[in-house]
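Pasting the sequence and the predicted coordinates here, then a few questions.
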Amino acid sequence: MENYDHIIEGMLYIRGDEGLDIKEISVVLEVSKKKATELMDEFIEKYEHRGFNGIQVVNFGGKYKFATNPDYFPYYQKMVEQSKAKLSQAALETLAIVAYNQPITRSKVEDIRGVGCDAMIRKLLAKALIKEVGREESPGLPILYGVTDEFMDAFSLASLDELPELGDIVETESDEDIFATRYQEGDLSETD
């Protein structure tokens with residue numbers, strides 16, 4: 001018999017913010033929906049009693065996912081606020097893709113970048129530079145992301161029309177990142 005707890009934990013980690021529903025769990029584990037529900041109930045109970053509780057498993061709208069424990073929110077908020085490092089190149093690339101292509105799904109961002117960007121999406125959400133703006137009408141209803149007012153303020157933009165044309169950016173021979181200079185002037189920051 002497989003160790004379902006280990007598999008479920010890995011599945012939740014891989015899926016990230018999108019979460020897993022019972023149908024997906026039952027298909028992957030090759031069990032009935034009833035058995036999948038029982039396994040998730042057992043997993044959540046075990047996870048709560050594992051000795052650490054900074055991370056919990058929650059069920060929002062039929063989707064199981066990892067979430068931080070709200071009891072410790074003031075500490076997490078302080079951590080984000082005290083961060084003084086600049087955005088990493090990967091975060092800047094992800095942010096630029098969202099800004100130029102919004103609304104856009106995580107998978108489309110990954111297609112453009114050529115690498116996974118779940119962690120970058122989470123960091124940009126935590127920094128309030130991007131936000132969920134809806135759901136795409138496609139299988140799985142993936143989350144659509146767009147930039148926030150904080151993004152506009154951080155880069156001194158009145159509207160997205162003020163973003164440089166992509167052709168102008170490609171033609172420049174400078175290695176300077178279009179967002180890096182403006183971001184450094186702002187009060188926002190990020191750590192990797």
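That came through, no problem. Not measured: the values here are computed from a predicted model.

how about residue 117, phi and psi?
Dihedral angles of residue 117 (phi, psi; degrees, to the nearest 10) stand at phi -140, psi 30.

contacting residues around it?
For residue 117, the contacting residues are 90, 94, 106, 109-110, by CB atoms under 8 Å, 6 or more residues apart in numbering. In this view, the C-beta of every residue, glycine as well, is placed from N, C-alpha and C.

what's the answer for residue 152, then?
Contacts for residue 152 (CB under 8 Å, 6+ apart) come out as 158-160.

Neighbour-wise, which one of the contacts of residue 117 leads?
When neighbours are counted by other CB atoms under 10 Å, residue 94 leads the contacts of residue 117 with 27 neighbours.

what packs against the helix or strand harbouring that one?
Following DSSP states H and E, one finds residue 94 within helix 89-101. Contact analysis of helix 89-101 by 3 or more CB pairs under 8 Å, 6 or more residues apart in numbering; DSSP states H and E lists helix 106-113, helix 118-126, strand 143-147 as its packing neighbours.

Residue 74: which of the ones you listed is closest?
For residue 74, the closest of the helices and strands packed on helix 89-101 is helix 118-126, at 14.8 Å, according to CB to CB.

Of all the residues in the helix holding residue 94, which ones are buried?
Going by neighbour count (16 or more other CB atoms under 10 Å), the buried part of helix 89-101 is 91-100.

any chance of those residues in JSON lines, plus pLDDT and distance to residue 25?
As requested, those are arranged in JSON lines below (pLDDT from 0 to 100; distance: CB to CB, whole Å):
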{"residue": "91", "pLDDT": "89", "distance to residue 25": "31"}
{"residue": "92", "pLDDT": "88", "distance to residue 25": "35"}
{"residue": "93", "pLDDT": "91", "distance to residue 25": "33"}
{"residue": "94", "pLDDT": "93", "distance to residue 25": "28"}
{"residue": "95", "pLDDT": "92", "distance to residue 25": "32"}
{"residue": "96", "pLDDT": "91", "distance to residue 25": "35"}
{"residue": "97", "pLDDT": "94", "distance to residue 25": "31"}
{"residue": "98", "pLDDT": "94", "distance to residue 25": "29"}
{"residue": "99", "pLDDT": "93", "distance to residue 25": "35"}
{"residue": "100", "pLDDT": "92", "distance to residue 25": "35"}
